[in-house]
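# coords below, sequence missing:
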């Protein structure tokens, strides 16, 4: 690559891409847009962007008054609420770093993460005080601010969020931040090793917001009503708080109530048009709809973005019967997180329905500014839809390192691409399809078997609720697949029936040699299958 | 404003925002998308993004082989065609600066602009060779490359575009460009003085493309079919060539055929869903539709973006009866150009139809990252929908200066905002409405005519003592110039003589449609023309 030395610079403004622009936009252009929160007692709290704007700026000012210095980390231990949204904006516009804590982790891990990040302040929902109490002796946080969601008095020695906001006088002025300044951080709960921190910048999050709202990505506009079900403590709720505020749409927050009935009630009462969450959540919502198909009659033809794990094609088909459109997206904590979204291209729109469903169930096409490639031992693999390789990505909202963790350099290629650990094929039309995680691939007699494909096929069987396929050591083939199956309530199926069901669909050597019926598949805090536990459990499986 | 000194930098990649990303995306993700061009003989030329990708890279390589250095300006004198699209990408990705020439200007002005920009290469459509011949003795361009749209042989001494592309071997590699590198330039034919050049950067154009495609801006996706009627020699066709390629949509180019029948035929045969142009063009298309309401029966419910001048509300209403949706946008050459788009907010959607039409006819809400304010002599005016002020804008795709023209600093406020010269109100919902344009300016068919230049020329005529040129409303061109003339004592001149006198000096469309002989021009106390009085006097001028 040649480098230019005497290129002409443009005459355009060098306006930094920072969050203060989005907050000012919220207050000035969209003062009447609504933000609704499902409170712990199930009541709905409502206010407008004008209120949100005033309170976010008050938080920014109060933090500065409390001594927050540029770059200080401010942690949140909170559900999806309007107060958490204030933290999303108030902390970064004052130069602080928003650090969202995953409340589903073990207290030991939460304490580790707070200490590793060197969090100086902590904002915690009053309904999560017990969790704080479980970690407080293991952390060193200067000030703990409690959001009184229930209205009950705040425990002694801690600061009420409302009292804290009241210390602001309204004369906040934005500090001048370079666009590479850190805006927020998330720790990724990897399956191995300690959690690793990713530091998003103002620039990366503004670019991610612009990219996310595009028609071929999440297609989000001012007329939408948005419900992020994906927690705000999980990869910044996929950036939706920023994207939503940027476009000025009404936002309906589920609070701590993530069960299917509460969600469906919220969708109906607030006329939600766009929502986002992991497959597990959508599985539950689908079951509720199927159980009571006439209960929610006023739902909009909502788009339900699914990510975090593969959405089974069967689920996408089932939702279509309810006039609800599942949109498959893929990303990672290291990617802000959005990388690909599966939308049907114009030239493919007339394809056979089965082909269209297969496309909708794959990870989709890269967003603008995100580059993808798949690598195997010979280099970059062709985009032919069948050659597998490890997916690598590059782009302005992709991490180039972890926070204070230089030992993890092997997560990046020598030429600077992020190695996702996902094994994929890429089609000639640019559709990325994950066939497995590198560590979950099954190598049988020198051939690769995709555990993910098998799981998706098995979950299409009418009797199967969940399926996890793992590699188990085999004396002759090195590894053979074993399928752990969770049946639907009241359903039954035999090993022979499952085998016969798979036979016309996959190569013969792909068919698992063992099917084990279990009560549940162990999961990570973010809802992904915890295959490590399964592997452990079945590591001495007797193939005879 | 405080400045942070020890803020924490993020760990995100510093991927520069450059055009090479969009070109690679076009070739890899959208190889099958189509680009269609209406050729001079009215036939339709078709090829795919794969062809476009290959040929754009060939142009980039050929330019480098021909000695193009980083920052060199490469001018184009071309209609909207696929070849022009190749220049839009091939020149900047090789480090050159794409300089689009307005072929409607007077040859003297075109020559001035080429010389001021110091253009080194020139690409010209063969159907525009006569225009090139009119300027060639006044410019100093190293190489002239002719695009053989008609298939006729290229004049001796000039290089055929196809031969030029054939010098490439296919081993082009992108130079490493910082994102602030100039990508392209446009000259604005302003009200006073010489044309002024704006230098867009790779960064500003990528951000403008992301912003433009958003659902609440132009709402452009891969499934759209896009026809930019706004010329590619006029503010980069509002950035649509970049935005369209970014989203991967089919593009149908009108070539030199901008008349209503050819456009409607193209819309119908290519199933266009999105088009953009100035009000004059849409007036013509509307008349054609009204004249033959059953001729074009297979049009899609297309969105027709209108900008460059105010779209009359009556036109928006009339198009609605044809199920065609006029979307009002506003911008300037200095703004890449998009600044505002008028979409109806959710909370206003239920308003009275008259209110909705008034909203659709105003300039609309600022796009993300674009800031607006209106200033009068007391400072910033309130957003109350009635207090007027001069519109000032700021943002990452707004110019901060002109190219080699430091004397124009008063176009920017002391604190760095661009002063648009438009007088506006801003409503409490963030809708911008232009109430008065820069007073002396005449906007005819989307093009600016400088009254001051005309006055100076007319006052050079031996029989003319004073001349004031004003804009008068015109049913087809929005506005046309009317010249009020005070003769010297004892002198006489006819309208025809004045017309003939101006003809060699200005573009044909600049010549006033009416010359009125008056005894004196009304003046202000400080001796300046009081044009308001003239406008009042002639506001009902009958152009017949």
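That came through, no problem. Remember, predicted model here, so these are calculated numbers, not experimental data. Numbers count the residues shown, from 1 in each chain, chains lettered A, B, ... in the order given.
# which residues does residue A:210 contact?
A:246, B:207, B:210-211, B:214, B:368-369 (CB atoms under 8 Å, 6 or more residues apart in numbering or on different chains). In this view, the C-beta of every residue, glycine as well, is placed from N, C-alpha and C.
# ok, so what distance separates it from residue B:396?
The gap separating residue A:210 from residue B:396 is 11 Å, by CB to CB, to the nearest Å.
# got it, and residue A:443?
Distance of residue A:443 to residue B:396, given as CB to CB: 49 Å.
# do residue A:291 as well
To residue B:396, residue A:291 is 50 Å away according to CB to CB.
# what does residue A:244 give?
21 Å.
# When those two are compared, which one has more neighbours?
residue A:244 (29 against 24; other CB atoms under 10 Å in any protein chain shown).
# so the more buried one makes contact with residue A:220?
Yes. Between residue A:244 and residue A:220 there is a contact under CB atoms under 8 Å: 6.8 Å.
# In contact with residue A:543, which residues?
A:472, A:474-475, A:480, A:513-514.
# Among these, list the two that are farthest apart in space.
Across those, the two members that end up farthest from each other (CB to CB) are A:475 and A:514, 14.2 Å apart.
# Return the residues of the stretch 101-250 of chain A in contact with chain B.
Neighbours of chain B within the stretch 101-250 of chain A, by CB under 8 Å from any CB of the partner chain: A:173-178, A:180-183, A:198-201, A:203-204, A:206-207, A:209-211, A:213-216, A:219-223, A:246-250.
# what sits in contact with each of residue A:210 and residue B:396?
Joint contacts of residue A:210 and residue B:396 (CB under 8 Å, 6+ apart) are B:207, B:369.
# Which helix or strand contains the closest residue to residue A:87 other than its chain neighbours?
With sequence-adjacent residues excluded and distances taken as CB to CB, 6 or more residues apart in numbering or on different chains, residue A:87 is closest to residue A:76, at 5.1 Å. Taking DSSP states H and E as the definition, residue A:76 sits inside strand A:73-77.
# Following element in sequence after that strand, please.
Sequence-wise, the next helix or strand downstream of strand A:73-77 (DSSP H and E) is helix A:82-93.
# Look at the closest residue to chain B within the stretch 351-500 of chain A and report its pLDDT.
Residue nearest to chain B within the stretch 351-500 of chain A: residue A:430 (3.5 Å; CB to the nearest CB). pLDDT, residue A:430: 97.
# For it, list the residues it contacts.
If you count contacts by CB under 8 Å, 6+ apart, residue A:430 has them with A:365-366, A:383, B:28-30.
# angle of the host helix or strand of residue A:123 against strand A:73-77?
Assigned by DSSP H and E, residue A:123 belongs to strand A:121-125. Using axes from the mean of the first three to the mean of the last three CA atoms, to 10 degrees, the direction of strand A:121-125 lies 10 degrees away from that of strand A:73-77.
# who's in contact with strand A:121-125?
With contacts defined as CB under 8 Å, 6+ apart, strand A:121-125 is touched by A:63, A:66, A:68, A:72-79, A:81, A:83-84, A:87, A:114, A:131-132, A:139, A:141-147, A:149, A:161, A:256.
# how about the nearest residue to residue A:237, chain neighbours excluded?
Per CB to CB, 6+ apart, closest to residue A:237 is residue A:228, 4.4 Å.
# Tell me how many other residues surround that neighbour.
Residue A:228 has 26 neighbours, counted by other CB under 10 Å.
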